[in-house]
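> Fold the following, please.
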Amino acid sequence: MLKLNQVIGQHQSEVITLNFIKQSNQLISGDCHSNWIRCLILNNNEDLFISSSNDKTIKFWFKKNEWICQQTITDHSSQVYQLSLNDQQMQVISCGYDILILVIEQSEPNKYWNVKQKIQVDCKGYRLCFINDNLFAFQPENGNLISLNQKILQQIKERKVVYYFHNNLFNKNNQLLISMINMYILIRFTENAEFKVEQSIQFGTNYIYGQLSDDGEYMINWDQTSNEMQIRKLKEQ
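Numbers count the residues shown, from 1 in each chain. As a prediction, the model looks like this:
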């Protein structure tokens, strides 16, 4: 059972991002004060986090005695909604309001991050995530398509805009991609990048937040309709 342990009240506006650093037992949180923090991701070593915000920038923060911003990418011309880091930890992709996907790579030996590719898409996208080092999923604002590297793989019946507080989630242990289009769509990927929709969970609202456990066995959600936290366990058929 879960129970409330502590309340931290330092933020003065809504908290948008929350990340747990396991090695140091710390939390990193970002809110919507001034320019919103839209997304925050950590690398595997937990000595780097990358943030994006409404100020059109992507920032790289490195851990020394404290967290320091060492680099800023300014190639987006509008809000940057989502970031994803690949398995090798050498490539970051981003999407935002400016109908642009950036591919950013880390160079050797100076470890500097450079924009290697700009992918123009048909409309702005709120969510994207790496499936593996060579494949990523992108969800445009229309909400009726899920694309893999611009190739449309899944046509879903027409629904409204995907609300942009919820991340696409991909778990490598069970190869499940979880995407939100007024509901959760669970898509299973095979080694050949084939796929099938395994389950749809109806929520009836765009205001859905959620996260997977590291092993992919549990999913926790909060939605505006129920105003409750719900925990679901994966049950293979």
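> Report how many residues lie close to Ile50.
The burial count assigned to Ile50 is 22, neighbours taken as other Cβ atoms under 10 Å. Any C-beta I mention is one placed from the backbone N, CA and C, and that applies to glycine too.
> Quick check: it touching Leu83?
Yes - taking contacts as Cβ atoms under 8 Å, Ile50 lies within contact range of Leu83: 5.6 Å.
> Now the common contact residues for the two.
Common neighbours of Ile50 and Leu83 (criterion: Cβ atoms under 8 Å, 6 or more residues apart in numbering): 40-41, 58, 92.
> Of all the helices and strands in this protein, which has the lowest average confidence?
Lowest by mean pLDDT, DSSP states H and E among the helices and strands of the chain is strand 151-155, with a mean of 41.
> domain assignment for this structure?
Here the domain assignment for the chain is 8-120, 149-237, based on automatic domain parsing.
> so which of the ones you listed gets nearest Ala137?
Evaluated over the domains of the chain, closeness to Ala137 peaks at domain 149-237, with 5.9 Å, by Cβ to Cβ.
> Figure out the helix or strand that the residue of the chain positioned farthest from its centre lives in.
Outermost residue of the chain with respect to the C-alpha centroid, by Cα atoms, centre = their mean, is Pro109; its distance is 28.1 Å. Assigned by DSSP states H and E, Pro109 belongs to no helix or strand.
> how about low-confidence regions in this structure?
142-168, 180-185, 190-194 (pLDDT under 70).
> returning to that earlier point: and after the least confident helix or strand of the chain, which helix or strand comes next?
strand 169-171.
> Run through the neighbouring helices and strands of that next one.
Strand 169-171 sits against strand 125-132, strand 176-180, strand 208-212, with contacts defined as 3 or more Cβ pairs under 8 Å, 6 or more residues apart in numbering; DSSP states H and E.
> so which of these comes closest to Gln70?
Using Cβ to Cβ, the nearest of the helices and strands packed on strand 169-171 to Gln70 is strand 125-132, at 22.7 Å.
> Can I get the closest one in PDB? Just the C-alpha atoms.
Written as PDB, here are the backbone C-alpha positions of strand 125-132 (Å, rounded to 0.1, in the frame of the first residue of the first chain):
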ATOM      1  CA  GLY A 125       4.100  17.400 -31.900                       C
ATOM      2  CA  TYR A 126       3.700  17.000 -28.200                       C
ATOM      3  CA  ARG A 127       5.400  13.600 -27.700                       C
ATOM      4  CA  LEU A 128       8.200  11.500 -29.000                       C
ATOM      5  CA  CYS A 129      10.500   8.700 -27.600                       C
ATOM      6  CA  PHE A 130      13.300   6.400 -28.700                       C
ATOM      7  CA  ILE A 131      12.400   2.800 -29.300                       C
ATOM      8  CA  ASN A 132      16.000   1.800 -29.900                       C
END
